[in-house]
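1. Kindly return the folded structure for what I paste below:
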Amino acid sequence: MKKILVLLFIASSFAVSAQIIKPAKWTFTPSKTSAKVGETIDLVFTAKIDDNWYMYSSQLKVEGPLPTSVNFTKTEGYQVVGKLMPVKPKEKYDDIWGGKVQYFEHEAKFIQKVKITKANPIIEGKIECQTCTTKDGKCVPNKDKFKFDIKTI
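-> Numbering: from 1, shown residues only. Below is the predicted model of the structure:
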């Protein structure tokens, strides 16, 4: 009986340590739900970040941390315009990376412009980011799928 209890305890320990940590929860909204073919619209990516965590921006001046990035699934109907732009990130000097880094706490917002090239495009892909805790410096990568359905008028 004791062996079974010990085995159950060990198994539950592994299950707890294998939990996926996801300190950022994403929402995806277009600036307009309907647009004309040829029109440029904004895709807004917003992350709610857990307390005691922060997320790196999409524009970093140092190498090392994983910047937030968007990878679009190649389909017809739209064209990416420019880069993923962070909205009002904070900036600080980071001793670990040896330079200034842009980051977000509590909420992160990014905008990607796209031009609508065909009727009713479906825009989808993955957003990737790195979040780190302020408590012990632990960092975790995050990936989330996104999808925008844009109706043309």
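2. Every contact and neighbour count from this point should use C-alpha atoms.
-> Fine.
3. What are the buried residues along the host helix or strand of K100?
-> Here K100 sits within strand 99-105, counting by DSSP states H and E. Using 16 or more other Cα atoms under 10 Å as the burial criterion, the residues of strand 99-105 that qualify are V101, Q102, Y103, F104, E105.
4. in the sheet, who's paired with the third one?
-> Translated: Y103. When assigned by DSSP bridges, Y103 has beta-bridge partners Y56, K90.
5. what's the distance between it and E128?
-> 14 Å (Cα to Cα, to the nearest Å).
6. now the fourth one
-> For F104, the distance to E128 under the criterion Cα to Cα works out to 14 Å.
7. quick one on the thing from earlier: just checking, next helix/strand downstream of the strand holding K100?
-> Strand 99-105 is succeeded, C-terminally, by strand 107-116 (DSSP H and E).
8. mind listing what that following strand pairs with, with the direction of each?
-> Here strand 107-116 has these sheet partners by DSSP bridges: strand 40-49 (antiparallel), strand 78-86 (antiparallel).
9. now G64, nearest residue through space, not along the chain?
-> Distance criterion Cα to Cα, 6 or more residues apart in numbering; nearest residue to G64, sequence neighbours excluded, is W97 at 6.4 Å.
10. my guess is the one you found is in a helix, correct?
-> No - counting by DSSP: H, G, I helix; E, B strand; the rest coil, W97 is not found in a helix; it is coil.
11. is it true that it touches K61?
-> No - if you go by Cα atoms under 8 Å, W97 and K61 don't touch, sitting 9.7 Å apart.
12. how about the strand or helix carrying W26 as PDB, C-alpha atoms only?
-> For W26, the host element (DSSP H and E) is strand 24-30. In PDB, the C-alpha atoms belonging to strand 24-30 read as follows (Å, rounded to 0.1, in the frame of the first residue of the first chain):
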ATOM      1  CA  ALA A  24      -0.300  36.100 -21.500                       C
ATOM      2  CA  LYS A  25      -3.800  35.700 -22.800                       C
ATOM      3  CA  TRP A  26      -4.400  37.000 -26.300                       C
ATOM      4  CA  THR A  27      -7.400  38.600 -28.000                       C
ATOM      5  CA  PHE A  28      -7.500  39.500 -31.700                       C
ATOM      6  CA  THR A  29      -9.700  42.300 -33.200                       C
ATOM      7  CA  PRO A  30      -9.600  44.100 -36.500                       C
END
